[in-house]
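*Asks:* no sequence for this one, just the structure:
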């Protein structure tokens, strides 16, 4: 159950940002289901950005014919998702609707108020160092130096 602690509506008035990954995923699912109904009815589609802002509120208002604040929608997201999904299913909406790309990646704002973007695990060692702002050439030099140190320290020693 989503509570007031699971989203922040005070930092950005009129917008509700999730404060944890679970709530972020629920907000994104709400947006996906709203998009399915929007596709059926010819409304503009939402970007799946994971926060409840003016666009999500406007589409929600069209779908439900009821004006709600972001806080009201956020608190009852878990109840709205199956209702909106049922509307979409009954209307024959496609299971997946291609949404416009969000302006920023979906992120949540933990209680400390620092914005965090959930990151996938690094696919390679190079990806792990990509956040340092080094060029690919600089990354190769760092990797080469690391390999050289490992060789000198451990492999060459083991051969003696």
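*Replies:* Alright, I've got the coordinates. As the structure is a computational prediction, the values presented were derived from the model and not from experiment.
*Asks:* which one is residue 75 nearest to, not counting chain neighbours?
*Replies:* residue 2 (6.0 Å; Cβ to Cβ, 6 or more residues apart in numbering). C-betas here are computed from N, CA, C, even on glycine.
*Asks:* Check the secondary structure at the one you found for me.
*Replies:* Assigned with DSSP: H, G, I helix; E, B strand; the rest coil, residue 2 falls in the coil class.
*Asks:* Flag every buried residue along the lengthiest helix in the chain.
*Replies:* Longest helix in the chain, counting residues (DSSP state H): helix 21-41. Residues of helix 21-41 classed as buried: 23-24, 26-40 (neighbour count, 16 or more other Cβ atoms under 10 Å).
*Asks:* helices or strands next to it in the packing?
*Replies:* Contact analysis of helix 21-41 by 3 or more Cβ pairs under 8 Å, 6 or more residues apart in numbering; DSSP states H and E lists strand 16-18, strand 51-52, helix 54-64, helix 70-75, helix 77-90 as its packing neighbours.
*Asks:* Name the strands paired with the second one and say parallel or antiparallel.
*Replies:* Applying DSSP bridges to the sheet, strand 51-52 is found paired with strand 16-18 (antiparallel).
*Asks:* Distance to residue 150 and mean neighbour count for the helices and strands packed on helix 21-41 - can I get that in JSON lines?
*Replies:* Output for those, formatted as JSON lines (distance: least, Cβ to Cβ, whole Å; neighbours: other Cβ atoms under 10 Å):
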{"stretch": "strand 16-18", "distance to residue 150": "42", "mean neighbour count": "27"}
{"stretch": "strand 51-52", "distance to residue 150": "44", "mean neighbour count": "26"}
{"stretch": "helix 54-64", "distance to residue 150": "50", "mean neighbour count": "17"}
{"stretch": "helix 70-75", "distance to residue 150": "50", "mean neighbour count": "20"}
{"stretch": "helix 77-90", "distance to residue 150": "50", "mean neighbour count": "16"}
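*Asks:* which one of these lies closest to residue 143?
*Replies:* Nearest to residue 143, of all the helices and strands packed on helix 21-41, is strand 16-18, at 36.4 Å by Cβ to Cβ.
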